[in-house]
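Novice: my questions are about this predicted structure, shown below with the sequence.
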Amino acid sequence: MKIIDIRNVNFKYRDELILENITFDEDSPVITGLWGRNGAGKTTLMKLLSGQEREVSGDVCVLNAHPFNNHAVSKNISYLREDHHFGKSWTVKDAMYFASLFNENWDQEEADTLVEQFKLPRKKKIASFSKGMHTMVQLVIGLASHSKVTIFDEPTNGLDAHARKQFFQALKKSYDKNPRYILISSHHINEIEPLCEKLLIISDKSIKFHEPIEYFQTQGVSMMGKIEDIKSVVSSIDILETAQIMGRSKVMANVAMTKELKESCERNGIQIEKTSMQDFLVNITS
Ligand SMILES: Nc1ncnc2c1ncn2[C@@H]1O[C@H](COP(=O)(O)OP(=O)(O)OP(=O)(O)O)[C@@H](O)[C@H]1O
């Protein structure tokens, strides 16, 4: 059974095409990072996967079923986003109680441990919490639910560095204990890189890449030298960006950092280094 199977999906808000011909699948538990520039359609894709929006055409299949308006499948999907509302008078204790009723794989021990770790007061109203504390309540629910498909939409927005680190550690621990499909969006690729086994990149309304993290760890190089020398080692179509620095050319290229390429650069007097993943992604989606 495929966990996710998305075929030729198009989605519009009114007449505006937001996602076009989206196709990807996943058949094993994995932590996948979702990256794209502002307005690229990350939240929209997450809403389609969690059954909160319906595709205009194509087929969205999650856990072998169409998730839109389908409680049988959506009970196995957790979608956590910043503006989630809790009941006005709810405390953490209430939120955890309701979450335990709606999530059949709920792990109370993990929820208790996380509430302690995040130092969330159990009996105070969530409505009186700071923005970061409010987010933490959702993160605890997202993790302790152990849903087969768990989707975190920019989960660390508004969290301080310490809380972000705690969340990432908790996510890894929870996943190791119970591997499942986890999709996590973030603009800060460096933060999620150590956690992710794959990256899903959206650009121009479509999936640009759905690759293991290792692909992004080798792809994308920065070269400095004479442009004619650089063009002798990489093809012009792989050149993403060129700048002039003190009479020399600085080029970012969409090629893998291989031993052969390093050696060719050495022979041609070209300095070469791996670009940061963030720079590479920004350039490849420009
Ligand atoms: N309810 C809506 N009605 C109309 N258009 C919408 C709606 N929600 C989102 N959009 C549009 O859909 C596009 C994709 O938005 P989406 O929120 O999915 O992007 P995103 O990648 O999550 O962006 P960001 O990184 O800024 O959060 C944007 O152009 C946005 O304006």
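Specialist: Received it, and whenever you're ready, just let me know what you need. Numbers count the residues shown, from 1 in each chain.
Novice: now do the lowest-mean-pLDDT helix or strand in the chain: everything it contacts.
Specialist: Across the helices and strands of the chain, mean pLDDT, DSSP states H and E gives its lowest value to helix 71-74, namely a mean of 90. Here helix 71-74 makes contact (CB atoms under 8 Å, 6 or more residues apart in numbering) with 50, 51, 62, 63, 64, 65, 66, 67. Heads up, the C-betas are built off the backbone N, CA and C, glycines and all.
Novice: what about residue 166, how many residues nearby?
Specialist: 18 (other CB atoms under 10 Å).
Novice: my error: substitute residue 13 in the last question.
Specialist: So residue 13, with other CB under 10 Å, has 10 neighbours.
Novice: wait, residue 279 sits on residue 254?
Specialist: No: contact criterion CB atoms under 8 Å: residue 279 and residue 254 do not qualify, at 11.8 Å.
Novice: now do the shared contacts for the two.
Specialist: residue 220.
Novice: pick the one among the contacts of helix 71-74 closest to the ligand.
Specialist: Nearest to the ligand among those is residue 50, at 12.7 Å by CB to the nearest ligand atom.
Novice: report the buried residues of the least confident helix or strand of the chain.
Specialist: 73, 74 (16 or more other CB atoms under 10 Å).
Novice: residues contacting the following helix or strand past that helix, please?
Specialist: Next helix or strand after helix 71-74 toward the C-terminus (DSSP states H and E): strand 77-80. The contact list for strand 77-80, computed with CB under 8 Å, 6+ apart, reads 46-47, 49-52, 62-63, 67, 103, 138-139, 141-142, 145, 147-153, 155.
Novice: isn't there a strand covering residue 23?
Specialist: Yes: membership of residue 23 in a strand is supported by DSSP: H, G, I helix; E, B strand; the rest coil.
Novice: shouldn't it be in contact with residue 6?
Specialist: Yes: counting by CB under 8 Å, residue 23 touches residue 6, with 6.1 Å between them.
Novice: which of those two has more neighbours?
Specialist: More crowded of residue 23 and residue 6, by other CB under 10 Å: residue 6, with 22 against 14.
Novice: so how far is the ligand from the more buried one?
Specialist: 15 Å (CB to the nearest ligand atom, to the nearest Å).
Novice: leaving out sequence neighbours, find the closest residue to residue 51.
Specialist: Once flanking residues are discounted, residue 51 sits nearest to residue 67: 3.2 Å by CB to CB, 6 or more residues apart in numbering.
Novice: burial measure for that neighbour, as a count.
Specialist: Around residue 67 there are 25 residues (other CB under 10 Å).
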